[in-house]
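Q: need a 3D model of the sequence below.
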Amino acid sequence: MPTYNIRGIDVDFPFEAYDCQLVYMEKVIQSLQERSNALLESPTGTGKTLCLLCATLAWRKSLGVFSTGPNVKMSLINGDKSGVSLSQSQTKDAPTIIYASRTHSQIRQVIQELKRSSYRPKMVVLGSREQLCIHDEVSLLRGRTQTNACHSLCRKRTKRYCKHYSRTADYLKSNTHLGDEPIDIEDLVNIGRKSGPCPYYLSRDLHKAVDILFAPYNYLIDRGFRKSLQINWKNSILIFDEAHNLESLCADAASFDLPSWLLTACISEAKNCIDLSVQRRDESTDKSKNPDNFAILRALLLKLEKRISEVPIQSKELGYTKPGAYIYELLADLNITQDTVPMIINIIEEAALLIEEDNQQNAKRNVCRLESISDILNTIFRDISNAKSYRVHVQEVEGSATDGLRGKPSRTLSWWCFHPGIAMEEFSKMDVGSIILTSGTLSPLESFAQELKLEFPVRLENPHVITPNQIWAGVVPAGPSCCSFNSSYRNRDSIEYKQELGNAIVNFARIVPDGLLVFFPSYYLLDQCIGCWKNMSHANSTTIWERICKHKKPVVEPRQSSLFLSSIEDYMATLKDTSTSGAVFFAVCRGKVSEGLDFADHAGRAVVVTGMPFATRNDPKVRLKREYLDEQAHSQRQVCKVQFLTGEDWYNQQASRAVNQAVGRVIRHRHDYGAIIFLDERFAQPNRQSQISLWIRPHIKCYSKFGDVVFTLTRFFRDGEARGPTKLKLLTSEKWGKICESEIQQPLDKFYLDKFLPRTTQVGQDCIVKSSSSLPEARRKKMSSLLGEIIPANRSSVTCCKDQSVSWKCSNDVLGNEKKLLTLKRESMQCQDRKVLGLSGTSILNGKWGEELVTPCSAKKCKVSTEHDAAQHIDNSIKHSFLTKDFESHGLLSTISSMRSESSRRSKSSDRESAQRHKDNSVTFSPLPSGDEEIRGSQFLVQVKEKLSALEYKEFVNLMKALKSKAMKISEVLQSIARLFSGPERLPLLERFKNFIPAKHHSMYEHYFQTNGSSQSEMHDKAGFS
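A: Numbers count the residues shown, from 1 in each chain. I've put the predicted structure just below:
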């Protein structure tokens, strides 16, 4: 396992790190060492999570050993400090790392990445009772009802006392190793089912003594959850992964909405509590529940309902708005103040307990709505000094049937927080060490920092690890008929716009192979466009919708959450169907498809964004947010003359962030490729492009003609198909888990793939992978089928071996059966008749240019051979052999042969040598030569491959690539080559390589030859190359 020294910290990384990964880990360590906050953006597929874990845990390890040993663990859990050694005391003082992500599913993926690293800190994952409870009855409940039932069974030592809770403490004492190895929620549940302890309380007790704690966001953002954690917050490290929505989550956590139907339900529950308490007093001597208290509660709620209904609303569109402090005036009239709130909350708690006891006695599952009033009061009176960051709003809408208010006016009282930094400011008061926010789409960073009102001295916008030929990104300002694309309010309802958009998507459905994602700014525009495409037809009586269906089966993102899972399954089933040429998913920015789903490889070959997803300007919350920011910017500008975030800035940047989220669904790992198509002329504006993620910006081109778009896009995918088939990745969602999986094989790491098989060869099931890893086969299979797994940028998808040593044995069946695969079938369908269609469906491309646009896929043959055959047939026709293709794919043959040609030329003419000499000692390369030079180069490369190990040959390949791209000086390359070829068995390689070096560098190489010629010990030393 490679070790990298970064800012004085030795970081063990399970793979050979890329430059962007080293930069990312450097920024993480810088933040930790300087006790500063960090904003780090790194695209999906760059190994962000693994880098974050390795860098953070390496820094933590440098402060002292991890919390190992039974004395430390149990003493911290039990609060007993006796018997703790000095080193263990130092471990106790080390900062705790809290790693938070949005959902349990994402945390599950993070823990899988931790398992791949060499670090084994004491850890635990916190979850809710919904995930962890194994009690036969309580596990069936949800929400507050479940919590109250759990408290009831754990508090009373009766025959209903929870047996799992009682076994927790004893299990921890006898299993002090728990948490030394990475464990997930499923592992805790399995322990509970097998051995009896409660998984929920097991994790709650264990979290007191861990080095790293994994939890959902709400455990940090919500004050109530945060207080329940027994953690020393001073100097602790807070990591928010997938933090692109953190600002809105923080604001929502500090806000509330109280609709009429909920207030009515609470009044009904208070009346029910009065009746229950009176009934108890009549039937027994139980006087614990005073009906008068519930009567007071009901009276307060009735007064609140009356006050809300009396609020004067002049305009339903504008509603009724007051400053945040007005909420205290409103409640004070009801005698609800900071002094009386504790008593009211106690009454609500009694009511909730009474309702829960009634549920248990009568086998009911009623949810206690009254507890929402308790949450609202806690939110309001948490810190009255922040009232200036809030707005009170009352809105009136027509009631719905689900609320029981159909046809009647329904009012909602809202108290909205417009300063999301309130939740984050509390961490500064707690003196935490560092707060690290990271995601694949944080851009634009400046607005993110200003919203949270925190200083972020450490910032990073990382590039992707893909090469330029793996991405096509373009702005398409006009369609096939030269009608402009602009989804603004003034233009979006025109028939011409919808038809032009439909015709463009028909073309993309024809060109793009497999999965195509089309994102609309809103559900309204999605419905309007599809309705138009289905109903509008032309002279040929074929609608736009029918023409789309001709090329791809359409799937539409539903508004109802309950239907979402079936739409995903439908999409994936279509992609697996070999009789179709793929599917198109029509979705909405900020919808479920745009976040939390992984459309890797064939699941998403292109994403189309049909416009800027601006929020509705007239939405009360949006309007008030803009006004609040404008007021803040104006007042602060007068004080410090610094540019602050305005309402308009925020409005635009929120739309850009939604676009970045949508386009991030494709190109999910190093070997993936895809197209990003912006169908709106506004994306051509520099200020719009400046807010797109940094890794996409250099690739964006603006096309004036739609025909140029079709031509370049067709060529891009034609070249992409030549790269070879890739696996249709697992499509996963945080909420839905595993959906379905294709039978297409997964791509190999580029080095191993090119070493033994041509790029267009499909590796079949008969290929046997032999790994030198000590990991059991079952564990490797389990790790390779993880939910939502995205292959790290530098991880071979064949195996997770630590030493990356892989050998292959290919059956001859590869030559036959594996050529008839899904990808090749699709190629023949997708490459036929690719033309640009206008409104009428006729081609707008004429002449040879249009003919050259299409290259039948049937003309492309897959040639398969084996390493043994290639080695036997190296002769004068080697340029047609498999190994030549292999070397050409690495650029080795052209590099070696051109070096030899240049060496020959320079030995004949010293004047020419002098004229072409470069100041930096680099070498220029000529095009691929033919004849003897090519044969000699190929023969030499065959010997190199035979003499070197797989890992050493990979290093040799990288050195030659670095030489060709001038990423390294020739002096550094020659020194490394001489070291690789050192040792008795490799001396012939060392001598022959000199023949391929330009004459002017012979003396330098001879120096390295003498230094390394007899040194066997340095053969595996990789210093100086990473």
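Q: any weak-confidence spans in the stretch 851-1000 of the chain?
A: Filtered on pLDDT under 70, the stretch 851-1000 of the chain yields the residue ranges 851-934, 964-968, 983-984, 1000.
Q: let me know whether Tyr673 touches Gln470 as I believe.
A: Yes: if you go by C-beta atoms under 8 Å, Tyr673 and Gln470 touch, sitting 4.0 Å apart. Just so you know, the C-beta spots here come from the backbone N, C-alpha and C atoms, and that holds for glycine as well.
Q: could you tell me whether Ala662 really is in a helix?
A: Yes: with DSSP: H, G, I helix; E, B strand; the rest coil as the criterion, Ala662 is assigned to a helix.
Q: count the neighbours of it for me.
A: Using other C-beta atoms under 10 Å, Ala662 has 27 other residues around it.
Q: for Glu41, give me its contacts.
A: Thr438, Ser439, Gly440, Thr441, Leu442, Ser443, Leu445, Leu460, Glu461, Asn462, Ser693, Leu694 (C-beta atoms under 8 Å, 6 or more residues apart in numbering).
Q: three-state assignment of the fourth one?
A: For Thr441, the assignment made with three-state DSSP gives coil.
Q: start at 883, not 1
A: Right, with 883 as the first residue, what we last looked at is Thr1323.
Q: show me what contacts it?
A: Thr1323 neighbours (C-beta under 8 Å, 6+ apart): Glu923, His1126, Arg1539, Asn1542, Gln1543, Gly1546, Ser1575.
Q: look up how far Leu1527 lies from it.
A: According to C-beta to C-beta, to the nearest Å, Thr1323 stands 18 Å off from Leu1527.
Q: picking up where we left off before, same list (the contacts of Glu923) but as a markdown table, adding pLDDT.
A: Below are these laid out as a markdown table (pLDDT from 0 to 100):
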| residue | pLDDT |
| --- | --- |
| Thr1320 | 93 |
| Ser1321 | 90 |
| Gly1322 | 86 |
| Thr1323 | 83 |
| Leu1324 | 85 |
| Ser1325 | 79 |
| Leu1327 | 83 |
| Leu1342 | 92 |
| Glu1343 | 91 |
| Asn1344 | 89 |
| Ser1575 | 89 |
| Leu1576 | 88 |
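Q: write a PyMOL command that selects only the buried members of those.
A: Here the buried members of the contacts of Glu923 are turned into a PyMOL selection, burial being counted by 16 or more other C-beta atoms under 10 Å:
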select buried, resi 1320+1321+1322+1323+1324+1325+1327+1342+1343+1344+1575+1576
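Q: identify, from the contacts of Glu923, the entry nearest to Val1438.
A: Proximity of these to Val1438 (C-beta to C-beta) peaks at Thr1323, which lies at 24.1 Å.
Q: helix/strand/coil for the closest residue to Leu1008 other than its chain neighbours?
A: Leaving aside its sequence neighbours, Leu1008 sits nearest to Ala1097 (C-beta to C-beta, 6 or more residues apart in numbering; 4.2 Å). Per three-state DSSP, the secondary structure class of Ala1097 is strand.
Q: contacts only, for Ala1097.
A: By C-beta under 8 Å, 6+ apart, the contact set of Ala1097 is Ile980, Tyr981, Ala982, Ile989, Val1007, Leu1008.
Q: inside helices: which ones of these?
A: Ile989 (DSSP state H).
Q: JSON lines for the contacts of Ala1097, including distance to Tyr1083, pLDDT and neighbour count?
A: Listed next are the contacts of Ala1097 as JSON lines, based on distance: C-beta to C-beta, whole Å; pLDDT from 0 to 100; neighbours: other C-beta atoms under 10 Å:
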{"residue": "Ile980", "distance to Tyr1083": "19", "pLDDT": "94", "neighbour count": "24"}
{"residue": "Tyr981", "distance to Tyr1083": "21", "pLDDT": "95", "neighbour count": "24"}
{"residue": "Ala982", "distance to Tyr1083": "21", "pLDDT": "92", "neighbour count": "24"}
{"residue": "Ile989", "distance to Tyr1083": "19", "pLDDT": "89", "neighbour count": "23"}
{"residue": "Val1007", "distance to Tyr1083": "14", "pLDDT": "91", "neighbour count": "29"}
{"residue": "Leu1008", "distance to Tyr1083": "11", "pLDDT": "90", "neighbour count": "25"}
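Q: strands of the stretch 1183-1332 of the chain, start to end?
A: Under the criterion DSSP state E, counting those that start in this stretch, the stretch 1183-1332 of the chain contains strands at 1202-1205, 1272-1280, 1291-1299, 1316-1321.
Q: identify the residue nearest Pro1350 in space, chain neighbours excluded?
A: His1581 (6.5 Å).
Q: that neighbour contacts Thr1349, doesn't it?
A: No: using C-beta under 8 Å, His1581 makes no contact with Thr1349, being 10.6 Å away.
Q: between the two, which has more neighbouring residues?
A: Neighbour comparison, His1581 and Thr1349: the larger count goes to His1581, with 15 against 9 (by other C-beta under 10 Å).
Q: and the longest helix along the chain, what's buried?
A: Determined from DSSP H, the single longest helix within the chain is helix 1142-1165. Residues of helix 1142-1165 classed as buried by neighbour count (16+ other C-beta under 10 Å): 1142-1149, 1151-1156, 1158-1159, 1162.
Q: swap in stretch 1354-1370?
A: 1354-1362, 1365, 1367-1369.
Q: what of stretch 1559-1567?
A: For stretch 1559-1567, by 16+ other C-beta under 10 Å, it's Ile1559, Phe1560, Leu1561, Asp1562, Glu1563, Arg1564, Phe1565, Ala1566.
Q: over to stretch 1445-1461?
A: Going by neighbour count (16+ other C-beta under 10 Å), the buried part of stretch 1445-1461 is Phe1446, Leu1447, Ser1449, Ile1450, Tyr1453, Met1454, Thr1456, Leu1457, Lys1458.
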